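Novice: Predicted structure and sequence below. I'll ask about it afterward.
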There are 4 protein chains.
Amino acid sequence: MAHENHTDLLHALHDCMTECNHCFDACLQEDDVKMMAECIRLDRECADICGYLEQAISRNSPFIKELAAVCATICEACGNECKKHDHDHCQKCAEACFKCAEACKDVA
Amino acid sequence: MAHENHTDLLHALHDCMTECNHCFDACLQEDDVKMMAECIRLDRECADICGYLEQAISRNSPFIKELAAVCATICEACGNECKKHDHDHCQKCAEACFKCAEACKDVA
Amino acid sequence: MAHENHTDLLHALHDCMTECNHCFDACLQEDDVKMMAECIRLDRECADICGYLEQAISRNSPFIKELAAVCATICEACGNECKKHDHDHCQKCAEACFKCAEACKDVA
Amino acid sequence: MAHENHTDLLHALHDCMTECNHCFDACLQEDDVKMMAECIRLDRECADICGYLEQAISRNSPFIKELAAVCATICEACGNECKKHDHDHCQKCAEACFKCAEACKDVA
């Protein structure tokens, strides 16, 4: 079944979703929220698509490749924004995003 | 079918989801994003649960009442936050939230 | 804003999500559920991505084009399966799927 | 942060979401799909709410208690349906549902 073939991707998606949501939450509590606006926006985009793809893989969706390609694009955009910021949550998020983008590309 | 009995609620949910997402987007573009942080957080919460309940009603979920009760709570919290802010998008969002909270309570 | 430029797509997505969920629900109540298994699976896939894209457009996501391209693929697959079945809910669903696929392609 | 206090619940939700989606997929491939119709419906309900609550916890949602209460109800309903069926995927799903219902009640 699909989910057995995609163990690495499922891990990467789950980590990325979690880190993006932590970063979203932490950015909203920073002193300079304005500087984090794009990060907040992309964290939501990325957490949502990663969660979506996790669900899709576990239900054996016929569209995993197509969804993984979009997910890779969104993960990269989010990672590129996050890595600009020194906050620990942004750096950890960027790392998770880039790992996930790679895992998505392997499948797409 | 469930969706035929819930026309008003479906409308209210759809409006509320839309206004919350517009408000989320607009708040992220305001000069003083920090002041809008709680609004941004609650807009996401509210848009997500409204979209979720819309889907649940249209698939004839057996859990509409329970979900509508939670949705009412979230809509009220979002409406209360939004109405504190003078921005047009916040005021429109607050109105949609309160309408939706009422529609949810009628069903819950 | 994105949502003002995408009125037709938003309509098509909403109709398609609704018809797919109705069809999902109705298929599960048919006498011959086995014959409807692929329809049930694709109805869920299609309702979920349409709901997802609706949310993405209304929050002014930077990834509307990429998501619309995937959505078009899923809508077409679902429409092709639904149109094989004579049930009224399948025929209505197929129609909504093909319309939505076209609207997605206009944006993608 | 919320997610650090909810490690057990996050685990239970993730397992339950995964098992429900596996069961959904497997039920659609059974010989007697008709007998599994309610299981298919509830698997979707349960996978969706578990995935939703996972996201909500990881973004530090202010509504975890309320959502966990609904999630417990849905997990129990799904577990009760699944345990009626001898298929391995149904039995594993029922177990994950009941564990998740307990974890949700601890938080609600």
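Specialist: Looks like it came in fine.
Novice: what sits against residue A:108?
Specialist: Residue A:108 makes contact with A:65-66, A:68-69, A:72 under the criterion CB atoms under 8 Å, 6 or more residues apart in numbering or on different chains. The way it works is simple: take the backbone N, C-alpha and C, and place the C-beta from them, glycine included.
Novice: Any regions of chain A where pLDDT drops low?
Specialist: Within chain A, the stretches with pLDDT under 70 are A:1-4.
Novice: where along it do the helices fall?
Specialist: For chain A, the helices defined by DSSP state H cover A:2-5, A:7-27, A:37-58, A:64-82, A:88-107.
Novice: Adding mean neighbour count and distance to chain D, write the ones you listed out as CSV.
Specialist: Shown next, in CSV, are these (neighbours: other CB atoms under 10 Å in any protein chain shown; distance: least, CB to the nearest CB, whole Å):
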stretch, mean neighbour count, distance to chain D
helix A:2-5, 14, 7
helix A:7-27, 23, 4
helix A:37-58, 25, 4
helix A:64-82, 23, 12
helix A:88-107, 21, 10
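Novice: Of those helices, give the one that comes closest to chain C.
Specialist: helix A:64-82 (4.7 Å; CB to the nearest CB).
Novice: Same list (the helices of chain A) but as CSV, adding distance to residue C:22.
Specialist: Formatted as CSV, these follow (distance: least, CB to CB, whole Å):
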stretch, distance to residue C:22
helix A:2-5, 27
helix A:7-27, 30
helix A:37-58, 21
helix A:64-82, 24
helix A:88-107, 32
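Novice: which one of those lies closest to residue B:98?
Specialist: Of all the helices of chain A, helix A:37-58 sits nearest to residue B:98, with 24.0 Å by CB to CB.
Novice: mind saving the C-alpha coords of that closest one as PDB?
Specialist: Output of helix A:37-58 as PDB, limited to C-alpha atoms (Å, rounded to 0.1, in the frame of the first residue of the first chain):
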ATOM      1  CA  ALA A  37       4.300  38.600   8.100                       C
ATOM      2  CA  GLU A  38       5.500  36.600   5.100                       C
ATOM      3  CA  CYS A  39       6.800  33.900   7.300                       C
ATOM      4  CA  ILE A  40       3.400  33.600   9.000                       C
ATOM      5  CA  ARG A  41       1.600  33.400   5.700                       C
ATOM      6  CA  LEU A  42       3.900  30.800   4.300                       C
ATOM      7  CA  ASP A  43       3.900  28.700   7.500                       C
ATOM      8  CA  ARG A  44       0.200  28.300   7.200                       C
ATOM      9  CA  GLU A  45       0.400  27.400   3.500                       C
ATOM     10  CA  CYS A  46       3.100  24.900   4.200                       C
ATOM     11  CA  ALA A  47       1.500  23.300   7.300                       C
ATOM     12  CA  ASP A  48      -1.800  22.900   5.500                       C
ATOM     13  CA  ILE A  49      -0.400  21.300   2.300                       C
ATOM     14  CA  CYS A  50       1.900  18.900   4.400                       C
ATOM     15  CA  GLY A  51      -1.000  17.900   6.500                       C
ATOM     16  CA  TYR A  52      -3.100  17.400   3.400                       C
ATOM     17  CA  LEU A  53      -0.500  15.200   1.700                       C
ATOM     18  CA  GLU A  54      -0.100  13.100   4.800                       C
ATOM     19  CA  GLN A  55      -3.800  12.400   4.800                       C
ATOM     20  CA  ALA A  56      -3.700  11.700   1.000                       C
ATOM     21  CA  ILE A  57      -0.900   9.200   1.300                       C
ATOM     22  CA  SER A  58      -2.500   7.400   4.200                       C
END
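Novice: Remind me what that helix packs against, helices and strands.
Specialist: Judged by 3 or more CB pairs under 8 Å, 6 or more residues apart in numbering or on different chains; DSSP states H and E, helix A:37-58 is in contact with helix A:2-5, helix A:7-27, helix A:64-82, helix A:88-107, helix C:37-58, helix D:7-27, helix D:37-58.
Novice: tell me the angle of that helix relative to helix B:7-27?
Specialist: 140 degrees (axes from the mean of the first three to the mean of the last three CA atoms, to 10 degrees).
Novice: Enumerate every residue touching the nearest residue to residue A:46 once chain neighbours are set aside.
Specialist: Nearest non-adjacent residue to residue A:46, counting by CB to CB, 6 or more residues apart in numbering or on different chains: residue A:78, 3.8 Å away. Residues in contact with residue A:78 (CB under 8 Å, 6+ apart) are A:20, A:42-43, A:45-46, A:93-94, A:97.
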